[in-house]
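Colleague: Build me a model from this:
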Amino acid sequence: MRIDKIMQELHDTCIRDNQRQTIKKLKKDKQTILDKSKEKRETRRIFDLLKQDTKGICLPPIAKYKDCTELKRKTKKKLNDGVYMIYPAGNNPVQAYCDMTTDGGGWTQTNFTEVHKKKKHIELVLTVSPRNNKGYLCTSFARTWVEYENEFGDIHGDFWFGNKYTHILTSSGKYELRVEVVDSGNNKKYAVYKIFVVGDAASKYKLTVGDYSGNAGDRLQFQNGMQFTTVDKDNDKLNTNCAVRHKGSWWYKSCFACDLSNDTRPFWANVISKPVMMIRKI
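Modeller: Predicted structure coming up:
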């Protein structure tokens, strides 16, 4: 039957990348459908079937943004801080928390750790971030190499973006890093590095930073050029594994200077809370 053939051809043709051809074919076959349908009831049935069969497959293609920077620059409407789907590695979607307000916005957060101060600044434990109200988190940063390659944690709370994704982004263009912390006096401080690159897995996600500005102090320069250390891969300069010692992985040189992925006591020059790392394409 001619009508059945038309419907099959439409199903094969009506795809996102071929919208013009679909519209042209619909116009061409409209008269044929009417000619073959002698009753109004049959005409309505056929159009209902066509509508249902092609529903949703001729919509405009979904925009795929590589990072929060591209999302902000290419989206006309105002965007709020929050979780968005980005595509750093082609067609594979990744959840990211985008800061759309700080210093012009467009920041992709790579690390967020909320800590709770107890016993006169001596003991620090992980708690929930201010972005939710669930209570204490169970997220541990004492993770393996493979876990740190990928995302883990609660995207609305304590999380790690994934070293492989940070590498993909920072190797695709020039990126800056912004670190924000709150010191023991409850003062918000920041450090910006106009040069920030994370190497590939073969380099053991080697850290390259430079061109510092801010008021938090240049604590990453000491670890510039270091490879990433996890509880199961020791790449620091000491005989002991700093990731095991501090229960959190980092670009350790020695076990001090700074560490923002620490289960017990994140620090940046001294004990701090609410550390945030985020990157933006320049």
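Colleague: Which parts of the chain belong to which domain?
Modeller: Under the assignment automatic domain parsing, the domains of the chain span 2-53, 68-281.
Colleague: could I get stretch 158-166 in PDB with only the CA atoms?
Modeller: Extracted as PDB, the C-alpha positions of stretch 158-166 are listed here (Å, rounded to 0.1, in the frame of the first residue of the first chain):
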ATOM      1  CA  ASP A 158      31.300  17.000  48.300                       C
ATOM      2  CA  PHE A 159      32.600  15.800  45.000                       C
ATOM      3  CA  TRP A 160      35.500  15.400  42.600                       C
ATOM      4  CA  PHE A 161      35.000  16.200  38.900                       C
ATOM      5  CA  GLY A 162      37.400  13.600  37.500                       C
ATOM      6  CA  ASN A 163      41.100  14.000  36.500                       C
ATOM      7  CA  LYS A 164      40.500  12.700  33.000                       C
ATOM      8  CA  TYR A 165      37.800  15.300  32.300                       C
ATOM      9  CA  THR A 166      39.900  18.100  33.800                       C
END
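Colleague: How is Asn239 assigned, secondary-structure-wise?
Modeller: Per DSSP: H, G, I helix; E, B strand; the rest coil, the secondary structure class of Asn239 is coil.
Colleague: Let me know the distance separating it from Trp250.
Modeller: Distance of Asn239 to Trp250, computed by Cβ to Cβ, to the nearest Å: 17 Å. (Glycine included, C-beta is placed from N, CA and C.)
Colleague: So the two - more neighbours on which side?
Modeller: Shown here are Asn239 and Trp250; by other Cβ atoms under 10 Å, Trp250 has more neighbours (25 against 6).
Colleague: Look up phi and psi at the more buried one.
Modeller: The phi/psi pair for Trp250 (degrees, to the nearest 10) reads phi -170, psi 180.
Colleague: Run a quick check on it versus Val244, I expect a contact.
Modeller: No: look at Trp250 against Val244 with Cβ atoms under 8 Å: they stay out of range, at 11.8 Å.
Colleague: what about Asp218, neighbour count?
Modeller: Asp218 has 16 neighbouring residues, counting by other Cβ under 10 Å.
Colleague: Leaving out the residues flanking it, which one is nearest to it?
Modeller: Distances taken as Cβ to Cβ, 6 or more residues apart in numbering place Tyr212 nearest to Asp218, at 4.3 Å, with adjacent residues excluded.
Colleague: What is the least confident helix or strand in this structure?
Modeller: Sorting the helices and strands of the chain by mean pLDDT, DSSP states H and E puts strand 123-126 at the bottom, at a mean of 26.
Colleague: residues of the next helix or strand after that strand that come out buried?
Modeller: Using DSSP states H and E, the next helix or strand after strand 123-126 towards the C-terminus is helix 145-149. Neighbour counts using 16 or more other Cβ atoms under 10 Å place Trp145, Glu147, Tyr148, Glu149 of helix 145-149 among the buried residues.
Colleague: Looking at those, spot the one nearest Phe222.
Modeller: Within the buried residues of helix 145-149, the smallest distance to Phe222 is 20.5 Å, found for Tyr148 (Cβ to Cβ).
Colleague: From what I see, that closest one and Trp160 are in contact.
Modeller: Yes: in terms of Cβ under 8 Å, Tyr148 counts as a neighbour of Trp160; the distance is 6.3 Å.
Colleague: now the helices for the stretch 151-282 of the chain?
Modeller: 163-170, 242-246 (DSSP state H, counting those that start in this stretch).
Colleague: With distance to Lys188 and mean pLDDT as new columns, can those helices be given to me in CSV?
Modeller: Conversion of the helices of the stretch 151-282 of the chain to CSV gives the following (distance: least, Cβ to Cβ, whole Å; pLDDT from 0 to 100):
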stretch, distance to Lys188, mean pLDDT
helix 163-170, 24, 97
helix 242-246, 24, 89
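Colleague: Turn those helices into CSV, including distance to Asp48.
Modeller: Listed next are those as CSV, based on distance: least, Cβ to Cβ, whole Å:
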stretch, distance to Asp48
helix 163-170, 45
helix 242-246, 62
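Colleague: With respect to the domains of the chain, which exhibits the lowest mean confidence?
Modeller: If you rank the domains of the chain by mean pLDDT, domain 2-53 sits at the bottom with a mean of 59.
Colleague: Okay then, goodbye and thanks.
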